[in-house]
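**Q** Let me see the structure of the following:
(one chain, ligands or ions: 1)
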Amino acid sequence: MSDRYAVIGNPVSHSKSPLIHVAFARQTGQDIRYDRLLAPLDGFEDTVRRFFHEGGHGLNVTLPFKREAWDLVDSLDEKALEAEAVNTIKMVNAQLVGYNTDGVGLVTDLERNLEFPIANKRVLLMGAGGAAHGVMHFLLERRPYSLLVANRTTDKAMRMVSHFINKSKHLGVTDISARPYGELTGLQFDLVINATSASLDGAMPLLPDGLFAPGALAYDMMYGRETAFLEFARAQGAACADGLGMLVEQAAESFRIWRGVRPLTAPVIAQLRGDA
Ligand code: NDP
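**A** Okay, here's the model as predicted:
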């Protein structure tokens with residue numbers, strides 16, 4: 001019987017993860033089955049435990065459960081420990097081990113696929129949920145000139161920045177801060193990343209005109225549709241990218257953790273974009 005994997009979330013029906021992992025498995029000759037698993041909002045732990053009890057091998061975790069997954073697993077990889085969010089679970093010797101591959105996914109997509117180096121850029125990260133936590137370390141590691149976090153609930157952005165302040169000093173990134181959306185007027189950024197789930201509802205945080213510096217890139221982690229944020233950014237003259245590349249890159253890292261082999265991502269990105 002094929003080894004069983006799944007993506008767990010709520011909602012989850014939009015997820016392209018099954019397509020991606022099936023493509024990886026075909027490419028690398030691995031025998032796996034990969035499903036979508038809808039967990040009730042108050043039933044994440046039960047759903048996870050049932051999946052592994054019934055012989056599951058690994059899970060991807062999507063919104064809104066990344067923090068709950070962090071609390072649930074028996075042990076954590078170093079990056080997931082720091083991120084306080086888990087997007088990949090692997091069963092090892094009857095123990096659940098948690099990982100976070102979102103950061104690798106984002107940075108690989110930005111720097112390798114989109115050829116947009118982060119070093120010395122003024123970066124605005126919107127959101128302070130599981131995805132934002134997962135990418136903080138990796139963004140800081142690329143040594144941006146500055147990193148500003150904005151979130152609807154400002155306290156959460158402030159807590160997230162405090163959590164990473166020592167890491168940022170250690171990496172030599174001295175300009176890291178949090179602000180409400182209402183206090184962005186007059187600031188300019190080279191890279192604006194939307195890590196909010198507002199796009200799922202066709203919404204976006206309220207942003208001022210003039211936010212994008214010349215040559216700036218607007219990156220929406222949401223994928224598969226033109227979002228209100230990308231529409232706004234395009235009208236403001238920014239280059240735009242959606243999160244499909246990140247999705248495939250983070251999936252490749254999960255696949256490597258589970259199966260010990262890293263698949264090629266370019267053909268799968270092309271396939272999902274309908275270019276292959
Ligand atoms: P969470 O539920 O953990 O966090 C949601 C975040 O969005 C919070 O910061 C929340 O703010 C904010 N938010 C929600 N609605 C609004 C709104 N109307 N206006 C402003 N802010 C809002 O979700 P995740 O962090 O896990 O996921 C965030 C997004 O990133 C999702 O769209 C997800 O699909 C995408 N994603 C894509 C990946 C990829 O590989 N491409 C990987 C991971 C995530 P508050 O704190 O105030 O509630």
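**Q** so where's the protein uncertain?
**A** 276 (pLDDT under 70).
**Q** quick one, domains of it?
**A** Using automatic domain parsing, the domain ranges for the chain come out as 3-100+246-272, 103-242.
**Q** ok, which residues in the stretch 1-150 of the chain are in contact with the ligand?
**A** Neighbours of the ligand within the stretch 1-150 of the chain, by C-beta under 6 Å from any ligand atom: 63-64, 66, 102, 105, 127-132. Where C-beta positions appear, they are placed from N, C-alpha and C, glycine not excepted.
**Q** What subset of these is buried?
**A** With burial judged by 16 or more other C-beta atoms under 10 Å, the buried subset of those is 64, 66, 102, 105, 127-132.
**Q** Looking at the residues you listed, which one is closest to I269?
**A** Using C-beta to C-beta, G105 comes nearest to I269 of those, at 11.6 Å.
**Q** contacting residues for the closest one?
**A** 246-253 (C-beta atoms under 8 Å, 6 or more residues apart in numbering).
**Q** got it, and T108?
**A** Contacts of T108 (C-beta under 8 Å, 6+ apart): 245-246, 249, 265.
**Q** quick check, I257 in a helix?
**A** Yes - looking at I257 with DSSP: H, G, I helix; E, B strand; the rest coil, it is inside a helix.
**Q** these two touch, right, it and I89?
**A** No - assessed by C-beta atoms under 8 Å, I257 is found out of contact with I89, at 9.6 Å.
**Q** who touches both of those two?
**A** Common neighbours of I257 and I89 (criterion: C-beta under 8 Å, 6+ apart): 58, 99.
**Q** what sits against L171?
**A** Applying C-beta under 8 Å, 6+ apart, the residues contacting L171 are 140-141, 143.
**Q** List phi and psi for the residue lying closest to E253 once chain neighbours are set aside.
**A** In space, and not counting its chain neighbours, E253 is closest to T101: 3.8 Å by C-beta to C-beta, 6 or more residues apart in numbering. Note on T101: its backbone torsions stand at phi -110, psi 0 [degrees, to the nearest 10].
**Q** next one: A39
**A** Torsion angles at A39 (phi, psi; degrees, to the nearest 10) stand at phi -100, psi 140.
**Q** dump the residue contacts of it.
**A** 8-10, 47-48, 65.
**Q** What sits closest to it if chain neighbours are left out?
**A** Per C-beta to C-beta, 6+ apart, closest to A39 is T47, 3.9 Å.
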